[in-house]
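# what would the 3D arrangement of this be:
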Amino acid sequence: MMKSSRREFLALSLAAALDAYIDPRGMLAEPSAPESDYFARLKELAPGSIQPKGWLGLYLNKQAAALALSLPDVSWPFTAGYWEGEEQAESWWPWEQTAYWVDGATRCALATGDTELLQRAMERIRYTLDHPQGTFLGPKAIEEPTESYHRWPHAIFFRALTVLSDAGSLPNIPQILSSFYLSDSAQYDLPARNVVNVETMLWCYGKTGDPKMLAFAEKWWQGYVTGKPHDPADLNPAAVYGGGPINAHGVTYAEVSKLPAILHAYTGKPEYLRFALAAQQRIFDHHMLVDGVPSTTEYFRGTTSLNSHETCDITDHTWGWGYLLKATGDGVWADRIERACFNAGMGAIRKDWKGLQYFSCPNQVLSTLTSNHNVLKTGNYWMAYQPNPGRATACCGANVHRFFPNYALRMWFSRPGGGVAATLYGASSVRVRVGRARELVTIEQETAYPFEEQIQLTIRSARSVEFPLSLRIPGWCFAPQLRINQHAIKMPPVERGFITVKRRFHPGDVVTLILPMEVKLYHAPENGIAFERGPLVYSYAIDAKWSNLVIPKWTTTEYPAWEAVPAGPWNFGVTGQDPPIFTEYSVPDDPWLNPPLSLQIRSYKLKDWKLTGSTELGNAPLTPPLPGERSAATPATNLRLVPYGATELRLTIFPQVQLTDG
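As a prediction, this is how the structure comes out:
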């Protein structure tokens, strides 16, 4: 695989990949985001400004070298020519699914500097741009506005074009996409996912300043909200402000509910933000699971130990929360993003980046082709680890490639007035212009977060420069500490989840932030108990016996379907009264394969808690619910818990044991 330095990658290799579409004058001459979303409290930096390092860089490079690069060789529909001339399909799904991969591969390439991956994604981008039909981009098969979600694939595919444009390439994309939308006869208010194109319409407005694009976006949003009360996303005002549980598809709700936050960022209208916040609050009030992602299989569900989530929801909810972070400037959204990525995200993938689950769960004792314990008549193989776990429903196999690249691209933001904000922590470096004179500085972030509490920032600049540096203080941290050049500093006040250090920084200055983490109990329904520390949830990693098989069309010898069954006991309960013992070791290069953190808990094996069977699946075993009777327990034993994201088979929510004599 070809590697290069950041500037060489962006200035040379990308130019070769894009051929005539590139504008070499735009390649990071000014490594900061355009001031386009006028009312946003945080501004995104240009892709390429941030270089992830440490374990995050390691896993992004694993992703780039493995499934992100190879998916078009492994599994249909990625092996077909969708967005590259293919016009045959029963529905819009193959274009949607392939668009997910194009966007994810593009973002992963921009985050890692992987030119081979970028060139592969560019094959479909180049074809689409080279074969317009007037102002229309994309396949003729979905050009006519006659089928449900006929413009939803465009909303996904166009994200790859916008991120490349933001990186300094594809200079005419704002005009090309504006012409596409303004000339299109399709309806964008319903079906629900068509309205997601408002995201790109507003991006076009921010780049061109064309008021027609803003009016176009607001028209479709207003039509969506007020004109169609039968909206399947359950996002009409009565439902949103009523605050009750959500009766909608998880991905659809995540994608649509973020739009008013984006509208607020471009218009400043407070009613948009109120709507967005109310829509999100319904998720947190009724559907959140311990690992940071709402229960969504495929629709929103409850919060028991067996409720699960689709991997697409990990990507799409964190993507939407990033827009809430920008619009509000409130660090709580970054708290939510990191919890979801570190726990649910890492827990849904194999650590070699060769397989993932379609559905994953805090408690999954089995991961086989027949272990899907969720209430669906199709997709029984969706809880095995596979390169494309949904097979024909291939969204998750592609959409999974977006969540860590998006995390990396949103680790740092600029603030109005020349400030910069560290929003998502992890080893990295950022190049950004700061202060009144917009002077170029590099900030090196050294940390193994979330596997350690200390974050060290070193300022690199040609001379001293005055600017405000904002640092996120997570909501779970109650006693943060701050040092500058090893001297303790009084903590500035926490405002919207951030502190701000305002001073003249000199070359080589070191800012150290310490975020002490405490072990806490998490109380789940049905008297379930889980354990968390800082942003990490802890699980018992069940010993697993693995097997694999090749399924023609869907898997290969190198990328098979993986099944895991328990090779040891798993049926443990806890009293909730015994304090866990926390242990930490030096952090290895790959802390997800060799976790340096653990909790030791006192547990009790439950004699009558066993795997359940499913008559629909030929009595195949399934992960059972928490037991109703918990008194038949063996003597206490010590159990080692590790971070949730380091596990495949796991027990995260433990039944609370009521001990009796004998």
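
# and residue 491, how far is that from residue 655?
Distance check for residue 491 against residue 655: by CB to CB, to the nearest Å, it reads 40 Å. Every residue, glycine included, has its C-beta placed from N, CA and C.

# neighbour count: the two, which is higher?
residue 655 (26 against 14; other CB atoms under 10 Å).

# report the contact partners of the more buried one.
By CB atoms under 8 Å, 6 or more residues apart in numbering, the contact list for residue 655 reads 526, 527, 528, 529, 573, 574, 606, 609, 626, 627, 630.

# now residue 70
For residue 70, the contacting residues are 387, 558, 559, taking CB under 8 Å, 6+ apart as the criterion.

# now secondary structure, neighbour count and pLDDT too, for the residues you listed, in CSV please.
CSV is the format used below for the contacts of residue 70 (DSSP: H, G, I helix; E, B strand; the rest coil; neighbours: other CB atoms under 10 Å; pLDDT from 0 to 100):
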residue, secondary structure, neighbour count, pLDDT
387, coil, 27, 98
558, coil, 12, 98
559, coil, 23, 98
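
# closest to residue 348 among the residues you listed?
Set against residue 348, the nearest of the contacts of residue 70 by CB to CB is residue 387 (13.2 Å).

# quick check: domain ranges of the protein?
Per automatic domain parsing, the structural domains of the chain span 1-26+66-228, 412-514, 519-655.

# please name whichever of those domains is nearest to residue 397.
The nearest among these, by CB to CB, is domain 1-26+66-228 at 6.6 Å.

# report the rounded mean pLDDT for that closest one.
Domain 1-26+66-228 shows a mean pLDDT of 86 in the predicted model.

# centre of the chain versus it, how much separation?
Between the centre of domain 1-26+66-228 and the centre of its host chain there is 19 Å, according to CA atoms, centre = their mean, to the nearest Å.

# now do the contacts for residue 407.
56, 318, 337, 338, 341, 424, 426.

# now, among those, which is nearest to residue 568?
Checking the contacts of residue 407 one by one against residue 568 (CB to CB), the nearest turns out to be residue 341, at 28.7 Å.

# shouldn't the closest one be in contact with residue 403?
Yes - with contact taken as CB atoms under 8 Å, residue 341 and residue 403 are classed as touching, separated by 6.0 Å.

# which residues do the two both contact?
Shared contacts of residue 341 and residue 403 (CB under 8 Å, 6+ apart): 314, 318.

# buried ones in the helix or strand hosting residue 215?
Here residue 215, judged by DSSP states H and E, is contained in helix 211-227. Applying a neighbour-count criterion of 16 or more other CB atoms under 10 Å, the buried positions in helix 211-227 are 213, 214, 216, 217, 218, 220, 221, 224, 225.

# what's the answer for stretch 461-478, then?
Of all the residues in stretch 461-478, those buried under the rule 16+ other CB under 10 Å are 461, 465, 467, 468, 469, 470, 471, 472, 473, 474, 476, 477.

# same question for stretch 104-120.
Judged by neighbour count (16+ other CB under 10 Å), stretch 104-120 contains these buried residues: 104-115, 117-120.

# pull up the distance across it, start to finish.
Stretch 104-120 has its terminal residues 12 Å apart, counting by CA to CA, to the nearest Å.

# name the helices or strands packed onto the helix or strand where residue 277 lies?
Secondary structure from DSSP H and E places residue 277 in helix 270-286. Helices and strands touching helix 270-286, by 3 or more CB pairs under 8 Å, 6 or more residues apart in numbering; DSSP states H and E, are helix 237-242, helix 250-257, helix 259-267, helix 311-328.
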